[in-house]
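*Asks:* just coords:
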């Protein structure tokens, strides 16, 4: 039995052998055995949650919980904290751990020692150049090497005093390399030149659709002008210190910036949106940013990973009191690390195959966003039948249901088309403001009310998928008309 996976790996199952199941990570890798209580596998299947189901000859049905997250760590010779992710022109992903550079591709993982030039130096960021070379940013300088010889590095800015600090590197629209410490530096024919003084340390860059660079760093966010110089972009500062460490231009052309305890920022070309824990985010730190083809923003932070729909940000911008609807990922979802890091170089990149790569304090994590369980888009609920004292009740032109005076019993039946998904969906209802508390919706969708008091009531039905935020499925007005003796004028006459 053979079962290819979205990440390029293959499950192989068989019968009559000591090892009945193994996983081959790539065409050139060994097939790693997986212990099973059987020696006879007949077929393999994966469900939408990523679990592997195994049918056997005589040993029943087995389930192997798998995860779409791949963790490269000590067992793969990736020791400790990773920094400076970059995607090379040939599709490989580069990152480093201390004095070792790692290149990951379909042919496996290649690791190269690249000793530092002086004691106390620190490797920070990586940036592929248009000519095929790789630039690396260090605490005491910036240098380049050919991909054919990654042990020989040539300084780019030997004449600068003090040396350029390579916390963040970026290419502009013309392919020129930029770096920023307290100066904004641009690489010219004779090495780096100082374009601007007086800035603070910059960690990340992104280009907008006009080709201008935006910079993120200590003190806020800066935008490049027509003269090549940078000015503050006008982002609203947080209450504490203003530090941004990541930057992204999404598929819609909106710009995102991730802060260190400063919040998540979006610029849509007109206005700024700032989000933090008060708006529903799990952290005010956003080390890494990436978006995918399904319109989701991926954000890594010290305690995990979450997604925010790009369209959801539009709702949050319109309603400043709204809370963000996110999908968080943690150990319970198979995430192999407690959280992620950032601050020097890119903390998250998207490979040419769509996979996301994230830096952590324990190696690097990568996965295919399409391989994660798909969030459900629930169809709206509808009232299938409404009866008042056993007579069918139809809504008015405004959609409201009006009960005749002295109605004894109101029955409602809701239609909720959720075939095969019930175990992932929680449903609740209430008749507001008559009922302030929510109650679980009965399995058959049937509701019954006896002798409703006169007034206007709102039937509200909400759903929650995979323990995320509650969302409204249905809201209908129900009016119980009063009997003649319940009308206000009667009491006026009687008194």
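*Replies:* Structure's in. What do you need? This one's a predicted model, so the numbers in the text were calculated from it and none came from an experiment.
*Asks:* given the helix or strand containing residue 102, what are its sheet partners and their directions?
*Replies:* Taking DSSP states H and E as the definition, residue 102 sits inside strand 100-105. Here strand 100-105 is paired, per DSSP bridges, with strand 93-97 (antiparallel), strand 108-113 (antiparallel).
*Asks:* centre of the chain to the shortest one, how far?
*Replies:* Pointing back at strand 93-97 there. Distance of strand 93-97 from its chain centroid, counting by CA atoms, centre = their mean, to the nearest Å, is 21 Å.
*Asks:* what of stretch 307-319?
*Replies:* For stretch 307-319, the distance to the chain centre is 13 Å (CA atoms, centre = their mean).
*Asks:* begin at 763, not 1, for the rest of this chat.
*Replies:* Got it, first residue is 763 now, which makes that one stretch 1069-1081.
*Asks:* quick check: buried residues in that stretch?
*Replies:* Residues of stretch 1069-1081 classed as buried by neighbour count (16 or more other CB atoms under 10 Å): 1069, 1070, 1071, 1072, 1074, 1075, 1078, 1079. Where C-beta positions appear, they are placed from N, C-alpha and C, glycine not excepted.
*Asks:* packing partners for the lengthiest helix in the chain?
*Replies:* Secondary structure of the chain per DSSP state H: the longest helix is helix 1072-1080. Judged by 3 or more CB pairs under 8 Å, 6 or more residues apart in numbering; DSSP states H and E, the packing partners of helix 1072-1080 are strand 1034-1037, strand 1058-1063.
*Asks:* check which strands are paired with the following helix or strand past that helix and give the direction for each one.
*Replies:* Later in the chain than helix 1072-1080, the nearest helix or strand by DSSP H and E is strand 1088-1091. Applying DSSP bridges, strand 1088-1091 is found paired with strand 1066-1071 (antiparallel).
*Asks:* which strand or helix spans residue 774?
*Replies:* strand 772-775.
*Asks:* cool, and residue 1234?
*Replies:* For residue 1234, the element it lies in under DSSP H and E is strand 1233-1242.
*Asks:* and the strands paired with strand 862-867, which one is worst for confidence?
*Replies:* Ranked by mean pLDDT, the strands paired with strand 862-867 bottom out at strand 870-875, which scores a mean of 88.
*Asks:* buried sites along that strand?
*Replies:* Of the residues in strand 870-875, those buried (16+ other CB under 10 Å) are residue 871.
*Asks:* now do the same end-to-end measure for stretch 1159-1169.
*Replies:* 21 Å (CA to CA, to the nearest Å).
*Asks:* same question, stretch 1008-1016
*Replies:* 14 Å.
*Asks:* what do you get for stretch 1199-1213?
*Replies:* 19 Å.
*Asks:* could you do stretch 805-813 as well?
*Replies:* 14 Å.
*Asks:* average pLDDT for it, rounded please.
*Replies:* Mean pLDDT, stretch 805-813: 74.
*Asks:* also stretch 977-994?
*Replies:* Mean pLDDT, computed over stretch 977-994, is 93.
*Asks:* buried ones in that stretch?
*Replies:* Judged by neighbour count using 16+ other CB under 10 Å, the buried positions of stretch 977-994 are 977, 978, 979, 980, 981, 982, 983, 984, 985, 986, 992.
*Asks:* next one: stretch 901-916
*Replies:* Buried-residue list, stretch 901-916, by 16+ other CB under 10 Å: 901, 902, 903, 904, 905, 906, 907, 912, 915.
*Asks:* with secondary structure added, can I get those residues in CSV?
*Replies:* CSV is the format used below for the buried residues of stretch 901-916 (DSSP: H, G, I helix; E, B strand; the rest coil):
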residue, secondary structure
901, coil
902, coil
903, strand
904, strand
905, strand
906, strand
907, strand
912, coil
915, coil
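*Asks:* from those residues, which is closest to residue 1022?
*Replies:* residue 901 (18.5 Å; CB to CB).
*Asks:* any weak-confidence spans in the stretch 1013-1162 of the chain?
*Replies:* 1094, 1135-1142 (pLDDT under 70).
*Asks:* wait, isn't residue 1102 in contact with residue 1125?
*Replies:* No: counting by CB atoms under 8 Å, residue 1102 stays clear of residue 1125, with 11.0 Å between them.
*Asks:* higher neighbour count, these two?
*Replies:* Taking neighbours as other CB atoms under 10 Å, residue 1102 and residue 1125 compare with residue 1102 leading, 27 against 23.
*Asks:* where do the strands sit along the stretch 863-1012 of the chain?
*Replies:* Under the criterion DSSP state E, counting those that start in this stretch, the stretch 863-1012 of the chain contains strands at 870-875, 885-890, 896-900, 903-907, 916-917, 931-933, 939-942, 945-950, 953-959, 964-969, 975-979, 982-986, 992-994, 1006-1011.
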